[in-house]
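[1] how would this look folded up:
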Amino acid sequence: MLLIGSRPTVFCAAGDRPSPCIFRAMSQQTDVADIRIPLDHLPADGRFGSGPSKVRIEALHALAQTGSSYMGTSHRQPAVKDMVGRARRGLADLLGLPDGYEVLLGNGGATAFWDVAGFRLVQEHSHHAVFGEFSSKFAQAMAGAPHVATTTTVESAPGTHPVLAAMSGADTYALTQNETSTGVCMPVARPAGADDDALVLVDATSAAGGMQVDPAGFDVYYLSPQKALASDGGLWLAACSPRALARIDDLGDRWCPASLDLTIARDNSRQNQTYNTPALATIFLLVEQIEWILGQGGLDWAGRRTAESSGVLYAWADTHDLATPFVADPAMRSPVVVTIDLDERVDSGAVSAVLRANGVVDTDSYRKLGRNQIRIATFPAVTPDDARQLTMCLDHVMAALAQ
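    Just a heads-up that it's a prediction; the model follows:
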């Protein structure tokens with residue numbers, strides 16, 4: 001099935017099981033603008049986007065209250081450097097990093113960090129677990145890098161994750177703890193039999209702060225903070241093990257643009273600053289979210305909260321006649337990004353449009369999957385009560401569209 005524009009077009013491949021190959025475009029039968037969700041169904045906060053994600057109102061108020069003492073000031077002066085230091089220490093505390101690990105940061109987001117890793121972390125051979133859009137992009141970046149000799153992958157279909165086993169000659173293994181595009185999570189662990197000096201790099205962009213992790217399972221845990229850490233994009237942070245810090249030095253003579261150079265990022269990070277000017281609001285909101293999670297009980301608390309919120313939605317989909325969790329194996333279902341397939345009798349685009357018209361936003365599916373699907377973030381900033389309210393909204397909207 002392919003959705004084009006706001007109206008569905010259906011292609012039936014040979015061998016499809018017998019069915020009336022008809023997608024009922026409910027938006028033609030019911031004007032979505034006329035559907036009003038009862039006020040007692042609506043969540044207190046209707047933001048369910050997978051990134052940029054919900055930023056807590058309290059954090060925005062705290063930023064506004066700094067007045068002229070923070071925003072619009074030099075990033076080389078104490079007000080900002082103190083905030084960068086709080087971000088680095090807070091993330092280390094949140095992840096429970098052992099002695100010798102360091103939190104580095106720089107500009108560009110997790111996408112830029114793929115190139116950063118290619119210059120200063122991957123020696124010659126990277127091996128990637130690929131099971132969605134973002135895990136595949138890192139592999140593609142390394143495959144196109146002339147200074148990386150070999151890039152190999154183990155892949156699985158969207159909705160599942162592969163098993164990353166040791167690969168002969170691999171000096172770097174690339175995992176994605178939570179694939180934001182599909183709502184699949186995978187364990188973070190060193191592949192059995194991997195070379196002793198091989199690094200394990202984990203893309204934690206939508207997992208960090210909302211899912212448990214054992215630092216023994218990684219050498220670099222990198223992220224951008226616009227998802228579970230409820231800030232904005234354009235910044236990357238990386239929790240690095242002593243083994244990873246040594247690799248950075250080992251590859252220090254390889255040519256690299258200064259803005260992607262981890263040796264420069266490391267030296268600046270140790271001074272609680274970035275090589276070039278960062279977005280100050282992003283750093284402030286990141287600190288607000290990290291310290292809020294720590295104040296609630298840290299990752300133990302956050303993990304329970306996201307599991308409760310996502311569990312509400314999975315339970316709803318498991319029992320609804322018009323919905324099914326996209327990820328069939330419960331062990332692979334993400335606690336922070338919930339993907340739900342809808343029956344062909346209900347157009348997911350129309351569902352999201354009605355929700356948006358009623359103030360419940362960003363439930364659209366990931367565009368490249370091309371499925372009749374909704375995608376809902378259940379990061380720590382999202383309350384379990386709002387997840388429950390969302391199921392009431394979905395019941396109301398889907399019933400109206402399916403008439």
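
[2] Which residue ranges of the chain form strands?
    In chain order, the chain shows strands spanning 2-4, 7-9, 102-107, 125-130, 150-155, 172-176, 178-179, 184-185, 199-203, 220-223, 235-240, 323-325, 337-342, 373-377, with DSSP state E as the criterion.

[3] Any idea which of those gets closest to Val55?
    Checking the strands of the chain against Val55 by Cβ to Cβ gives strand 373-377 as the closest, at 12.1 Å. Backbone N, C-alpha and C define where each C-beta goes, glycine included.

[4] Return the set of buried residues in stretch 280-300.
    By neighbour count on 16 or more other Cβ atoms under 10 Å, the buried set for stretch 280-300 is 280-294, 298-299.

[5] circling back to that earlier point, comparing the strands of the chain, which comes out most buried?
    Each of the strands of the chain was assessed for mean neighbour count using mean count of other Cβ atoms under 10 Å. The highest is strand 178-179, with a mean of 29.

[6] what lines up beside that one in the sheet?
    Using DSSP bridges, the neighbouring strands of strand 178-179 in the sheet come out as strand 184-185 (antiparallel).

[7] got the phi/psi numbers for the nearest residue to Gln289 once chain neighbours are set aside?
    The shortest distance from Gln289 to any residue that is not its chain neighbour, by Cβ to Cβ, 6 or more residues apart in numbering, is 4.2 Å, and that residue is Ala230. With angles defined as degrees, to the nearest 10, Ala230 sits at phi 50, psi 50.

[8] okay, now Ala230: neighbour count?
    Other residues within reach of Ala230, judged by other Cβ atoms under 10 Å, total 26.

[9] list the contacts for it?
    Going by Cβ atoms under 8 Å, 6 or more residues apart in numbering, Ala230 touches Ser53, Lys54, Val55, Arg56, Ala59, Gly209, Leu285, Glu288, Gln289, Phe379, Pro380, Ala381.

[10] was I right about Arg333 contacting Tyr314?
    Yes - taking Cβ atoms under 8 Å as the definition, Arg333 is a contact partner of Tyr314 at 6.2 Å.

[11] list residues touching both of the two?
    Pro325.

[12] Not counting residues beside it along the chain, what's closest to Ser156?
    Pro162 (4.1 Å).

[13] Distance check, the one you found against Gln65.
    47 Å (Cβ to Cβ, to the nearest Å).

[14] Val32 now?
    For Val32, the distance to Gln65 under the criterion Cβ to Cβ works out to 39 Å.

[15] One more: Gly349?
    Shown here: Gly349 relative to Gln65, a distance of 40 Å by Cβ to Cβ.

[16] same thing with Ala170?
    If you go by Cβ to Cβ, the gap between Ala170 and Gln65 works out to 49 Å.

[17] So those two - more neighbours on which side?
    Of the pair Ala170 and Gln65, Ala170 is the one with more neighbours under other Cβ under 10 Å, namely 24 against 9.

[18] can you pull the pLDDT of the more buried one?
    We have a pLDDT of 98 for Ala170.

[19] Then Asp34?
    The predicted local distance difference test score for Asp34 is 87.

[20] That one: neighbour count?
    When neighbours are counted by other Cβ under 10 Å, Asp34 registers 9.

[21] again, but for Val312
    Counted with other Cβ under 10 Å, the burial measure for Val312 works out to 20 neighbours.

[22] wait, what's in contact with it?
    Pro384, Ala387, Arg388, Thr391.

[23] Among these, which one is most surrounded by other residues?
    Going by other Cβ under 10 Å, Ala387 tops the contacts of Val312 with 22 neighbours.

[24] How much space separates that residue from Ala216?
    Between Ala387 and Ala216 the computed distance is 32 Å (Cβ to Cβ).

[25] Hmm, His41 and Met392 touching each other?
    Yes - contact criterion Cβ under 8 Å: Met392 and His41 qualify, at 4.2 Å.

[26] So which of the contacts of Ala230 are in helices?
    Within the contacts of Ala230, residues falling in helices by DSSP state H are Ala59, Leu285, Glu288, Gln289.

[27] Save the residues you listed as a markdown table, and put in pLDDT and distance to Asn276 too.
    Rendered in a markdown table, the data for these read as follows (pLDDT from 0 to 100; distance: Cβ to Cβ, whole Å):
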| residue | pLDDT | distance to Asn276 |
| --- | --- | --- |
| Ala59 | 98 | 25 |
| Leu285 | 98 | 20 |
| Glu288 | 98 | 23 |
| Gln289 | 98 | 23 |
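
[28] what would those look like in TSV with distance to Trp114?
    TSV is the format used below for those (distance: Cβ to Cβ, whole Å):
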residue	distance to Trp114
Ala59	28
Leu285	24
Glu288	27
Gln289	24
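
[29] Tell me the one of these nearest Leu199?
    Closest to Leu199, out of all of these and judged by Cβ to Cβ, is Gln289, at 27.6 Å.

[30] Please name the residues that touch that closest one.
    Taking Cβ under 8 Å, 6+ apart, we find Gln289 in contact with Val55, Arg56, Ala59, Gly209, Pro225, Leu229, Ala230, Ser231, Pro380, Ala381.

[31] Highest neighbour count among those residues?
    Among the contacts of Gln289, Leu229 has more neighbours than the rest - 34 neighbours, counting by other Cβ under 10 Å.

[32] Leu299 - nearest residue in space that isn't next to it in sequence?
    In this structure, Leu299 finds its nearest non-sequential neighbour in Gln212, 5.5 Å apart by Cβ to Cβ, 6+ apart.

[33] okay, now the one you found: neighbour count?
    As a burial measure, the neighbour count of Gln212 was computed by other Cβ under 10 Å and equals 18.

[34] And the pLDDT at it?
    According to the prediction, Gln212 has pLDDT 98.

[35] Now for it: which residues touch it?
    Under the contact definition (Cβ under 8 Å, 6+ apart), the residues listed for Gln212 are Leu299, Asp300, Gly303.

[36] Verify the stated contact: the first one with Thr306.
    Just to be clear, that refers to Leu299. No - in this structure, Leu299 is not within contact of Thr306 by Cβ under 8 Å, at 10.1 Å.
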